[in-house]
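Enquirer: Following is a predicted model, sequence given first.
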Amino acid sequence: QVQLVEAGGGLVQPGGSLRLSCVASGFTFSNAAMEWYRQAPGKERELVASLSTGGGSTYYPSSMTGRFIISRDNAKNTLYLQMNSLNTDDTAVYYCKGKLLGVDYWGQGTQVTVSS
């Protein structure tokens, strides 16, 4: 059974940092391209960052570049998202997604709230 379980969300003040994690099971994590998405209330889900299978290639939308860092530890079947300089616009549910052999697998999401 494929599972992606996110953790690390919470309440943080503007300017603060958080590190999200996503633990994968039920599939060969090292063979999957991984991504982070987020969805704010009333908005569409949007891509935050993507990472190739070996971790050598990353992509960030321009609004995340320089603030967010995606990484993976294939030995631990874990994906990470380091988020810095958070602002209120970053408030959303954050999801990890794995793509393997044309199939997308999603986690249940973790809430990130940026507020003073």
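Expert: Here it is on my side, so go on. Numbering: from 1, shown residues only.

Enquirer: what sits against Asn84?
Expert: Listed by CB atoms under 8 Å, 6 or more residues apart in numbering, the contact set of Asn84 reads 17, 67-69. C-beta here means a position set from N, CA and C on the backbone, and glycine is covered the same way.

Enquirer: What subset of those residues is buried?
Expert: Buried members of the contacts of Asn84, scored by 16 or more other CB atoms under 10 Å, are 68-69.

Enquirer: Now render the contacts of Asn84 as JSON lines, adding pLDDT and distance to Glu6.
Expert: Below are these laid out as JSON lines (pLDDT from 0 to 100; distance: CB to CB, whole Å):
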{"residue": "Ser17", "pLDDT": "98", "distance to Glu6": "17"}
{"residue": "Arg67", "pLDDT": "93", "distance to Glu6": "19"}
{"residue": "Phe68", "pLDDT": "95", "distance to Glu6": "15"}
{"residue": "Ile69", "pLDDT": "95", "distance to Glu6": "16"}
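
Enquirer: What's the per-residue pLDDT of the residue nearest the centre of the chain here?
Expert: The centroid of the chain falls nearest to Trp36 when counting by CA atoms, centre = their mean (3.0 Å). We have a pLDDT of 98 for Trp36.
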